[in-house]
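Asks: compute the structure for the input listed below.
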Amino acid sequence: MLEKIVNISAGSDYKQSSKPGGHSKVSRYIGEYHAGGNDSISLSPATGYLSILGWKLKKISSNKESIQIEFSFDDMNFSVSINTGDIYQLKRFEYIIKYLLGNFGSSAEINVKISSFVDPEIPENSFVKVHLPEIKHFLDHLYSACGHKSSLSSDTFEVQKIFVETENRLAAEFNYINRSLINFLEKFLSTKINCKNGNSKNENKLELNMLQIRKI
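Replies: Numbering: from 1, shown residues only. As a prediction, the model looks like this:
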């Protein structure tokens with residue numbers, strides 16, 4: 001594994017990778033990292049930044065087409081895949097979020113897929129969030145309202161109603177996650193990531209694309 005990981009010093013290949021076609025260089029900097037492995041690997045300053053945020057990096061890997069990142073924060077597990085060709089005109093992150101909840105009598109795992117527009121006007125984060133209460137409240141609300149219905153999906157009226165009612169509050173937390181993830185990627189890849197403006201108001205909204213609740 002050690003041969004696959006490259007520790008990148010600040011500024012290395014920064015200018016080159018920002019040029020057109022630079023995404024072809026991005027994947028060469030990433031091999032594969034799994035938390036809990038036997039290898040002692042330093043990904044500073046990128047992992048140092050995640051430590052400040054309180055995020056636990058569980059996995060990061062890539063191929064020529066995409067970069068896959070998995071991290072946990074506030075008892076939730078986040079997975080995201082980024083097309084390397086979109087690094088310099090980034091428009092959206094699509095997160096798969098897993099969350100365990102319930103009590104001793106009834107426990108469940110909620111899986112949602114939420115696509116979040118990456119606002120190019122988001123300012124640099126000036127503070128660190130300790131929790132993500134709005135996302136947790138949304139997931140808790142889904143569970144209490146929907147339970148384990150066999151016909152449950154992200155398109156049902158009840159689910160969409162809950163989502164729309166909380167969308168603005170959710171968007172603020174996803175803006176924070178997006179900005180933090182971009183900062184991590186810029187440190188890890190030593191490159192500048194550019195965001196692309198949406199063409200319409202609807203393109204700038206959150207999208208709930210998948211929902212599963214299973215009893216465990």
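Asks: where along the protein do the strands fall?
Replies: Applying DSSP state E to the chain gives strands spanning 32-34, 56-62, 66-73, 76-83, 92-102, 107-117, 207-215.
Asks: what angle separates the fifth one from strand 107-117?
Replies: By that I understand strand 92-102. Counting by axes from the mean of the first three to the mean of the last three C-alpha atoms, to 10 degrees, strand 92-102 lies at 160 degrees to strand 107-117.
Asks: likewise for the third one?
Replies: Orientation of strand 66-73 against strand 107-117 (the same axes, to 10 degrees) gives an angle of 130 degrees.
Asks: any idea how far residue 121 is from residue 85?
Replies: The spacing between residue 121 and residue 85, counted by C-beta to C-beta, to the nearest Å, is 23 Å. All C-beta atoms are positioned from the backbone trio N, CA, C, and that covers glycine.
Asks: between the two, who's got more neighbours?
Replies: More crowded of residue 121 and residue 85, by other C-beta atoms under 10 Å: residue 85, with 14 against 7.
Asks: show the pLDDT at the more buried one.
Replies: Residue-level confidence at residue 85 comes out at 86, pLDDT.
Asks: any idea how far residue 117 is from it?
Replies: 18 Å.
Asks: also residue 50?
Replies: In this view, residue 50 and residue 117 are 23 Å apart by C-beta to C-beta.
Asks: what ranges do the helices span in the protein?
Replies: 14-17, 23-26, 46-53, 133-146, 157-189 (DSSP state H).
Asks: hmm, residue 66 is touching residue 85, no?
Replies: No. In this structure, residue 66 is not within contact of residue 85 by C-beta atoms under 8 Å, at 9.0 Å.
Asks: count of neighbours near residue 148?
Replies: 11.
Asks: likewise the one 3 residues further on?
Replies: When neighbours are counted by other C-beta under 10 Å, residue 151 registers 6.
Asks: return the helix or strand in the protein with minimum mean pLDDT.
Replies: Least confident helix or strand, the chain: helix 14-17 with a mean of 40, by mean pLDDT, DSSP states H and E.
Asks: need the nearest residue in space to residue 154, chain neighbours excluded.
Replies: Excluding the flanking residues, the one nearest residue 154 by C-beta to C-beta, 6 or more residues apart in numbering is residue 211, at 4.2 Å.
Asks: again with residue 174
Replies: Closest to residue 174 by C-beta to C-beta, 6+ apart is residue 116, at 4.1 Å.
Asks: which residues touch that neighbour?
Replies: Neighbouring residues of residue 116 by C-beta atoms under 8 Å, 6 or more residues apart in numbering: 92, 93, 94, 95, 171, 174, 175, 177, 178, 206.
Asks: what bridges to residue 93?
Replies: On the basis of DSSP bridges, residue 93 is bridged to residue 116.
Asks: swap in residue 61?
Replies: Partner residues in beta bridges with residue 61, using DSSP bridges, are residue 32, residue 68.
Asks: show me where pLDDT drops low in the protein?
Replies: Applying pLDDT under 70 to the chain flags the ranges 1-43, 103-105, 150, 198-203.
Asks: show me which positions of stretch 59-69 end up buried.
Replies: Residues of stretch 59-69 classed as buried by neighbour count (16 or more other C-beta atoms under 10 Å): 60, 61, 62, 67, 69.
Asks: could you export those as a markdown table, including distance to residue 216?
Replies: Below are the buried residues of stretch 59-69 laid out as a markdown table (distance: C-beta to C-beta, whole Å):
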| residue | distance to residue 216 |
| --- | --- |
| 60 | 27 |
| 61 | 27 |
| 62 | 31 |
| 67 | 30 |
| 69 | 25 |
